[in-house]
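# Turn this into a structure:
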Amino acid sequence: MAKLLRVDMSEARVAIQELPQYLKGLGGRGLCSALIYHEVDPLCNPIGANNKLVFAPGLLAGTNCANSGRISVGSKSPLTCTIKEANAGGQAAGHLGRIGIAGIVLEGAAQSGRLFKLYVSPKKAELLPADELKGLSNYQTVELLKGQYGEKVSFITIGQAGEYLLSAASVAISDREQRPTRHAGRGGLGAVMGSKGLKAIIVDPGEAKSAPIVDEAKFKEAAKRFAKALQDHPVTSQGLTNYGTAILINIINEAGALPTRNFSSGRFELAERVSGESLNEITTKRKGNCSHGCMTGCIIRCSGDYMDENGAYFSKWPEYETIWAWGPNCGIGDLDAIAKIDRICDDIGVDTIEMGNAIAVAMEAGIKQFGDIEGAIELIEEVGKGTPLGRILGSGAGVVGKVFGVKRVPVVKNQALPAYDPRSIKGMGVTYATSTMGADHTAGYAVGANILKVGGYVDPFAVEGQVDLSRGLQIATAAIDSAGLCLFVAFPMLDIPDALQAVVEMLEAKAGVSMGGEGFQELGKKVLKMEREFNLKAGFGPPHDRLPEFFKLEKLPPHDSVFDIPDEELDKVFNFV
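Numbering: from 1, shown residues only. Below you'll find the predicted structure:
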């Protein structure tokens, strides 16, 4: 039976307990949201002692299910002041699943000035002083910890931004090579971890091999079918594998939906230079790896190794969202520069989407010029130094817009929009507006149906069908996040009926329960209902489920489109609640 690890930072005490009844049958995002919903005051200070921070592997973590190693991090967000879950790949979720930990809960806050690390293994869990890690970046922290704990463990860490309590601070998860390259970036949850006085978690799986499974034969057969679906679908076996998520740059640019220079246009004239095709070409020329899985069991392998001009490893492949945020959105058409910025963001521990938007807003204000590579690097380095300007920038695009008097600030519930302009992909606009977590593309990825024609087709410029599309995707995504699956498995699950059936059967076999397809949908609805109710109690209702006004008023070149889905339609997204 999976356990809950409670860490009282105020008393420097660790306790292991059975899962409370209200958490049973939940994992990943579902467990995070349920615990926050039941135990956290919706009106609390997000960086105060009354907030809690949860780390939860998904229901399928630690098994041989392909791509099941996502970890969810949940809390009340310092950025949005809503409930928040951000998830990431890497090794930690699989390790926690193997040793039977369903969740780690940080409560209270350490005494001012104190810094700790948490060590978790099958034999013990202990909170230890970590003053030697104070002020270190993520790469520095991991290097020091590797020397202490070896090469078979995984790390969850924060950089300087988390220690500064900046609301764009991320939580870093180490990959298979123990590099802090996978980030639970959105919502500033690194600041919550910093506010608790925790610098790092070391997860040591020891000799534990696999999470317990009630019906191993049924699970094995379903896992094989699921893996086949991933290998059969062209998106998860070819596109993402060869070109990474950056394969979307040219696709979204052609659709006229690639936000450029702070959402002032839908096309970037230098898009080809920063595309997935160019990323593959550069990596191949420099003899790097164009297909890398960030977690054990990944068969999509959408990442790669970005090499410097001398052929030495520099960083992981920047994701589509990162390339967009620092490329087209800041007017930069140089992959080497974007990879350098990505590495800096990973090191100091900030969300590349939020920070890219913050810098683009600063460029709109004239702090630097669009396309100024050295200027962009200078600004992100200010964040790592903790200067007054750096702290403003590290507080996110919304704060930057207010400080410098910018009218076009692309945020919902104070969280910056990702890389799809809602005026040209209106299903994404519905998701951005209504998600329980602020603007978040992963909450309901309508690009699949609007652009890629996966799971059907809904005209991206039409008003009709977008609300139903977003609602269905938000429900399904909440369930996928709770299972701990990579979001990209949704592509075959939408197109290959047996892929979804295989996931349901694995969940049933692991827990020894009967679920069915309807049960999978009900899991997603249950999670969204809790998140929605928490937000209502925190003061967020239908009037906050709106895009910024400029999306309705400013026509987006090249299609001169606006976001024109009526507010009363947006209010129907959660009509199942």
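
# just for the stretch 1-150 of the chain, where's the confidence low?
Per-residue confidence for the stretch 1-150 of the chain (pLDDT under 70) gives these ranges: 1.

# pLDDT wise, what is the closest residue to residue 564 other than its chain neighbours at?
Excluding the flanking residues, the one nearest residue 564 by CB to CB, 6 or more residues apart in numbering is residue 463, at 6.3 Å. Where C-beta positions appear, they are placed from N, C-alpha and C, glycine not excepted. Note on residue 463: pLDDT of 98.

# Is it correct that residue 463 is in contact with residue 569?
Yes: between residue 463 and residue 569 there is a contact under CB atoms under 8 Å: 7.5 Å.

# Name the surrounding residues that touch stretch 341-349.
Counting by CB atoms under 8 Å, 6 or more residues apart in numbering, the neighbours of stretch 341-349 from elsewhere in the structure are 137-139, 157-162, 169-172, 180-181, 183, 190, 314-316, 318, 322, 326, 351-352, 355, 376-377, 380-381, 383-384.

# Make sure residue 85 is indeed in a strand.
Yes: read with DSSP: H, G, I helix; E, B strand; the rest coil, residue 85 is one of the residues of a strand.

# and it, what are its bridge partners?
With beta bridges defined as DSSP bridges, residue 85 has these partners: residue 74.

# so who does it touch?
By CB under 8 Å, 6+ apart, the contact list for residue 85 reads 29, 32-33, 72-74, 437, 481.

# That one and residue 374: what is the separation?
Going from residue 85 to residue 374 by CB to CB, to the nearest Å gives 36 Å.

# Same check on residue 458?
In this view, residue 458 and residue 374 are 42 Å apart by CB to CB.

# Then residue 296?
For residue 296 relative to residue 374 (CB to CB), the value is 39 Å.

# And residue 129, by the same measure?
From residue 129 across to residue 374, the span is 40 Å (CB to CB).

# now swap in residue 147 and tell me
For residue 147, the distance to residue 374 (CB to CB) stands at 34 Å.

# Redo the contacts of residue 85 as JSON lines? Include secondary structure.
Formatted as JSON lines, the entries for the contacts of residue 85 read as follows, by three-state DSSP:
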{"residue": "29", "secondary structure": "helix"}
{"residue": "32", "secondary structure": "helix"}
{"residue": "33", "secondary structure": "helix"}
{"residue": "72", "secondary structure": "strand"}
{"residue": "73", "secondary structure": "strand"}
{"residue": "74", "secondary structure": "strand"}
{"residue": "437", "secondary structure": "coil"}
{"residue": "481", "secondary structure": "helix"}
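
# Including distance to residue 3 and neighbour count, could the residues you listed go into JSON lines?
Written out in JSON lines, the entries for those read as follows (distance: CB to CB, whole Å; neighbours: other CB atoms under 10 Å):
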{"residue": "29", "distance to residue 3": "19", "neighbour count": "31"}
{"residue": "32", "distance to residue 3": "16", "neighbour count": "33"}
{"residue": "33", "distance to residue 3": "19", "neighbour count": "30"}
{"residue": "72", "distance to residue 3": "17", "neighbour count": "26"}
{"residue": "73", "distance to residue 3": "18", "neighbour count": "29"}
{"residue": "74", "distance to residue 3": "18", "neighbour count": "33"}
{"residue": "437", "distance to residue 3": "27", "neighbour count": "24"}
{"residue": "481", "distance to residue 3": "21", "neighbour count": "26"}
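
# Which residue ranges of the stretch 51-200 of the chain form strands?
Under the criterion DSSP state E, counting those that start in this stretch, strands of the stretch 51-200 of the chain are mapped to 53-57, 71-76, 83-88, 101-107, 116-120, 125-129, 154-157, 171-173, 182-184, 198-203.

# Quick check: closest non-adjacent residue to residue 486.
Closest to residue 486 by CB to CB, 6+ apart is residue 67, at 4.1 Å.

# and the one you found, how many residues sit next to it?
By the criterion of other CB atoms under 10 Å, residue 67 has 26 neighbours.

# Contacts only, for it.
Shown here is residue 67, whose contacts under the criterion CB under 8 Å, 6+ apart are 230, 295, 297-300, 485-486, 488-489.

# what do you get if the cut-off is 10 Å, keeping everything else the same?
In this structure, residue 67 makes contact with 60, 89, 226-227, 230, 236, 293-295, 297-302, 484-489, judged by CB atoms under 10 Å, 6 or more residues apart in numbering.

# what about it, distance to residue 570?
In this structure, residue 67 and residue 570 are 32 Å apart, going by CB to CB.

# quick one, which of the strands of the stretch 51-200 of the chain is packed in tightest?
The highest mean neighbour count among the strands of the stretch 51-200 of the chain belongs to strand 171-173 (a mean of 32), with neighbours defined as mean count of other CB atoms under 10 Å.

# now that strand: mean pLDDT?
Strand 171-173 shows a mean pLDDT of 98 in the predicted model.

# What of stretch 301-316?
Confidence over stretch 301-316 (mean pLDDT, whole number) is 96.

# And stretch 225-242, end to end?
Start and end residues of stretch 225-242 are separated by 23 Å (CA to CA, to the nearest Å).

# Next: stretch 447-460.
OK, stretch 447-460 end separation, CA to CA: 8 Å.

# and residue 370, what does it touch?
Residue 370 is in contact with 260-262, 264, 329-332, 359-360, 363-364, 376, counting by CB under 10 Å, 6+ apart.

# gap between it and residue 342?
Here residue 370 is placed at a distance of 19 Å from residue 342 (CB to CB).

# still on that earlier bit, are any of the contacts of residue 67 buried, and which?
Among the contacts of residue 67, those buried by neighbour count (16 or more other CB atoms under 10 Å) are 60, 89, 226-227, 230, 236, 293-295, 297-298, 300-302, 484-489.

# Domain ranges for this protein, per the record?
Structural domains assigned to the chain are 3-203, 260-419, following automatic domain parsing.

# Switch those over to JSON lines; also include distance to residue 213.
Converted to JSON lines, those look like this (distance: least, CB to CB, whole Å):
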{"stretch": "domain 3-203", "distance to residue 213": "7"}
{"stretch": "domain 260-419", "distance to residue 213": "15"}
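
# looking at these, which is closest to residue 454?
Distances from residue 454 to each of the domains of the chain were compared using CB to CB; the shortest belongs to domain 260-419, at 14.4 Å.

# Would you double-check that residue 498 falls in a strand?
No: according to three-state DSSP, residue 498 belongs to no strand; its state is helix.

# is it true that it touches residue 221?
No: under the contact definition of CB atoms under 10 Å, residue 498 does not touch residue 221, with a separation of 11.6 Å.

# Now for these two: what residues contact both?
Taking CB under 10 Å, 6+ apart as the contact criterion, the residues that touch both residue 498 and residue 221 are residue 505.

# Just the strands from the stretch 351-500 of the chain, written as ranges.
Listed in chain order, the strands of the stretch 351-500 of the chain (DSSP E, counting those that start in this stretch) span residues 411-412, 415-416.

# what about those strands, which gets the closest to residue 2?
Nearest to residue 2 among the strands of the stretch 351-500 of the chain is strand 415-416; the distance by CB to CB comes to 30.9 Å.

# Distance of the residue nearest to residue 139 when sequence neighbours are not counted relative to residue 475?
Closest residue to residue 139 apart from its sequence neighbours, by CB to CB, 6+ apart: residue 347 at 5.2 Å. Counting by CB to CB, the gap between residue 347 and residue 475 amounts to 36 Å.

# which residue of this structure sits farthest from its center?
Farthest-out residue of the chain from its mean C-alpha position, per CA atoms, centre = their mean: residue 217, at 32.8 Å.

# check contacts around that one.
The contact partners of residue 217, by CB under 10 Å, 6+ apart, come to residue 509.
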